[in-house]
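Enquirer: Structure, please.
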Amino acid sequence: MAIQPKLPFTQLFLLILYFLAVVAVRPESSHEINLQPADFPNERLYRAYLAIQRFKSTITSDPNNITSTWSGNDICGDKTYVGFYCATPPGLNEKLTVTEVILNGFGLHAPRLQRFVDQLPDLALFHASSNNFGGDIPHLDSLPYLFEFGVAKYDLQPLHPSGRVYGSAEGGATGQVITKDEGKKKKKKKGKLQQIQCAYTFLNFTFHIRVGSPGGGGNIPGVTDAKALILNYNNLSGKLPTNIGFSKLSYLSLANNKLTGPIPPSIARLQDSLLEMLLLNNQLSGCLPHELGMLTKSTVIDAGMNQLTGPIPSSFSCLSSVEQLNLGGNRLYGQVPDALCKLAGPAGRLSNLTLAGNYFTSVGTACSALIKDGLLDVKHNCIPGFANQRGPAECASFLSQPKTCPAASARVACPAADAKMNVAAPEGKVAKDYSSYVVYATLHE
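Expert: Here you go, the predicted structure:
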């Protein structure tokens with residue numbers, strides 16, 4: 001009879017610990033889908049339940065233990081399913097369904113949002129700032145009640161106690177859903193989406209997305225059907241997608257990342273939709289593109305603190321809607337074009353032009369007037385006779401380097417230039433506070 005050797009106590013103890021650890025980290029073991037359609041008031045809530053449970057099973061970090069409330073069949077309850085809100089969209093015969101998801105500040109980690117957001121068929125509003133979700137932004141065009149991400153018709157009564165107003169939905173559904181502070185467990189009312197009238201503000205649709213290996217940065221998604229792409233303060237790296245202009249973006253905010261390479265020429269295709277854009281504090285390079293000047297509806301263009309180079313293209317004189325233009329902290333050179341500075345004149349809307357920290361060598365008459373009025377900042381350039389400029393040796397070193405960017409053309413044809421030039425700026429034009437712009441406001445959320 002063979003004698004089985006005994007494991008030493010230490011090895012046996014370590015083996016038991018390993019077994020317990022393996023059982024503890026199994027991702028699917030603690031999130032079982034065990035309810036049936038008959039357990040819910042209607043089939044739509046059951047579908048939402050399935051989507052929520054699938055998403056819950058993928059969450060790898062939940063520091064506030066929010067997902068512990070995501071169980072059972074009372075999705076619309078006062079204390080259950082924190083972050084989920086119910087209402088009755090038009091045409092559903094008084095059936096409650098999940099119409100709003102607010103996960104702001106929960107610190108959840110999950111590898112993707114696909115097969116979650118796009119599986120909630122009646123979703124009208126989704127907020128998920130200050131989380132860590134991977135993958136690309138889901139395509140949302142299949143959701144008939146999804147709110148327009150931009151200025152539209154909004155309820156005069158705020159939907160949130162915070163005082164913000166959230167807006168009109170594609171497909172005609174708008175409405176009041178929330179009576180609860182974002183991210184806090186308070187009483188939640190069941191509501192009905194109603195037809196609403198005008199008040200203007202914005203919808204901040206924020207994803208904090210990381211993809212790839214941990215700590216290795218991420219790639220920015222390309223084409224999206226969203227109206228807003230807001231990915232500030234992430235670890236996004238790589239180049240901007242060449243097809244980004246084929247999106248439907250109204251708000252683009254990619255500040256404080258590690259994006260590299262040029263601004264793609266396809267950006268010009270957003271001339272009929274893009275209202276505000278933040279690219280500041282990245283590592284973008286290449287020539288300042290002519291196509292940026294085609295964004296004639298944009299009120300904010302901020303590409304400061306990058307490594308863009310070249311002269312300012314003549315097309316920038318077409319930016320008749322721009323109010324905030326920041327190109328500071330780059331490697332731009334040549335003359336600051338007077339045609340650009342004239343956008344701050346009686347027919348223009350420009351109230352803040354920042355060109356500090358470049359290598360410009362001259363300014364014209366209109367630009368000199370802006371400097372005197374405090375509307376144009378040209379500190380730390382190479383302009384002879386001006387105060388607070390770079391040293392002669394630094395300027396000479398840069399200016400002696402080969403320049404490969406095309407020279408600014410003398411004239412350029414602006415899209416719809418005649419119609420825009422006849423629209424005078426508002427009387428008493430003053431510089432707005434940065435927080436009044438959608439993209440700048442997202443930097444502080």
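Enquirer: so how far is the first residue of stretch 93-113 from its last?
Expert: Using CA to CA, to the nearest Å, the span of stretch 93-113 from its first residue to its last is 29 Å.
Enquirer: Sorry, wrong one. I was asking about stretch 76-88.
Expert: Start-to-end span of stretch 76-88 (CA to CA) is 11 Å.
Enquirer: before we move on, what about stretch 379-389?
Expert: Taking CA to CA, the first and last residues of stretch 379-389 lie 6 Å apart.
Enquirer: And the helices in the stretch 251-400 of the chain, which stretches?
Expert: Using DSSP state H, counting those that start in this stretch, the helices found in the stretch 251-400 of the chain span residues 338-341, 365-373, 392-399.
Enquirer: dump the residue contacts of the closest residue to residue 309 other than its chain neighbours.
Expert: What sits nearest to residue 309 in space, not counting adjacent residues and going by CB to CB, 6 or more residues apart in numbering, is residue 331, at 4.1 Å. Any C-beta I mention is one placed from the backbone N, CA and C, and that applies to glycine too. Under the criterion of CB atoms under 8 Å, 6 or more residues apart in numbering, the contact partners of residue 331 comprise 307-309, 358-359, 398.
Enquirer: Quick check: residue 57 is in a strand.
Expert: No - secondary structure assignment places residue 57 outside any strand; it is helix (DSSP: H, G, I helix; E, B strand; the rest coil).
Enquirer: So for it, what's the pLDDT?
Expert: The pLDDT attached to residue 57 in the predicted structure is 93.
Enquirer: One more: residue 322?
Expert: Residue 322 is assigned a predicted lDDT (pLDDT) of 95.
Enquirer: got any ranges where this structure has weak pLDDT?
Expert: Counting by pLDDT under 70, the chain contains low-confidence residues at 1-32, 91, 129-130, 134-226, 234-235, 416-431, 445.
Enquirer: What is whichever strand or helix holds residue 229 packed up against?
Expert: Counting by DSSP states H and E, the secondary-structure element that holds residue 229 is strand 228-230. Where contact means 3 or more CB pairs under 8 Å, 6 or more residues apart in numbering; DSSP states H and E, strand 228-230 is packed against strand 251-253.
Enquirer: Provide the strand pairings for the strand it packs on, with the direction of each partner.
Expert: strand 228-230 (parallel), strand 276-278 (parallel) (DSSP bridges).
Enquirer: Highest mean neighbour count out of the ones you listed?
Expert: Mean neighbours per residue, mean count of other CB atoms under 10 Å, is largest over the strands paired with strand 251-253 for strand 276-278, with a mean of 27.
Enquirer: coming back round to it: mind putting the contacts of residue 331 into a markdown table with neighbour count and distance to residue 294?
Expert: Converted to a markdown table, the contacts of residue 331 look like this (neighbours: other CB atoms under 10 Å; distance: CB to CB, whole Å):
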| residue | neighbour count | distance to residue 294 |
| --- | --- | --- |
| 307 | 13 | 22 |
| 308 | 25 | 17 |
| 309 | 20 | 20 |
| 358 | 27 | 22 |
| 359 | 21 | 25 |
| 398 | 16 | 28 |
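Enquirer: out of the residues you listed, which one sits closest to residue 377?
Expert: Closest approach to residue 377 among the contacts of residue 331 (CB to CB): residue 358, at 10.5 Å.
Enquirer: Quick check: what element follows the helix or strand hosting residue 99 along the chain?
Expert: Under the assignment given by DSSP H and E, the secondary-structure element containing residue 99 is strand 97-102. Under the assignment DSSP H and E, the closest C-terminal helix or strand after strand 97-102 is strand 109-110.
Enquirer: Run through the neighbouring helices and strands of that next one.
Expert: Checking 3+ CB pairs under 8 Å, 6+ apart, strand 109-110 ends up next to strand 125-133.
Enquirer: Between strand 97-102 and the strand it packs on, find me the angle.
Expert: Angle, strand 125-133 to strand 97-102, by axes from the mean of the first three to the mean of the last three CA atoms, to 10 degrees: 50 degrees.
Enquirer: how far away is residue 337 from residue 292?
Expert: Here the distance between residue 337 and residue 292 works out to 14 Å (CB to CB, to the nearest Å).
Enquirer: Overlap in contacts, the two.
Expert: Contact criterion CB under 8 Å, 6+ apart; residues shared by residue 337 and residue 292: residue 316.
Enquirer: Verify the stated contact: residue 84 with residue 101.
Expert: Yes - under the criterion of CB atoms under 8 Å, residue 84 lies in contact with residue 101, with a separation of 5.8 Å.
Enquirer: Would you tell me which of the helices of the stretch 251-400 of the chain gets closest to residue 287?
Expert: Per CB to CB, nearest to residue 287 of those: helix 392-399, 15.4 Å.
Enquirer: Not counting the closest one itself, show me its contacts.
Expert: For helix 392-399, the surrounding residues in contact (CB under 8 Å, 6+ apart) are 331, 333, 359, 361, 382, 389.
Enquirer: could you dump those residues to TSV with distance to residue 60?
Expert: As requested, the contacts of helix 392-399 are arranged in TSV below (distance: CB to CB, whole Å):
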residue	distance to residue 60
331	41
333	48
359	47
361	53
382	51
389	52
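Enquirer: Restricted to strands, list the residues you listed.
Expert: Taking DSSP state E, the ones among those that sit in strands are 331, 333, 359, 361.
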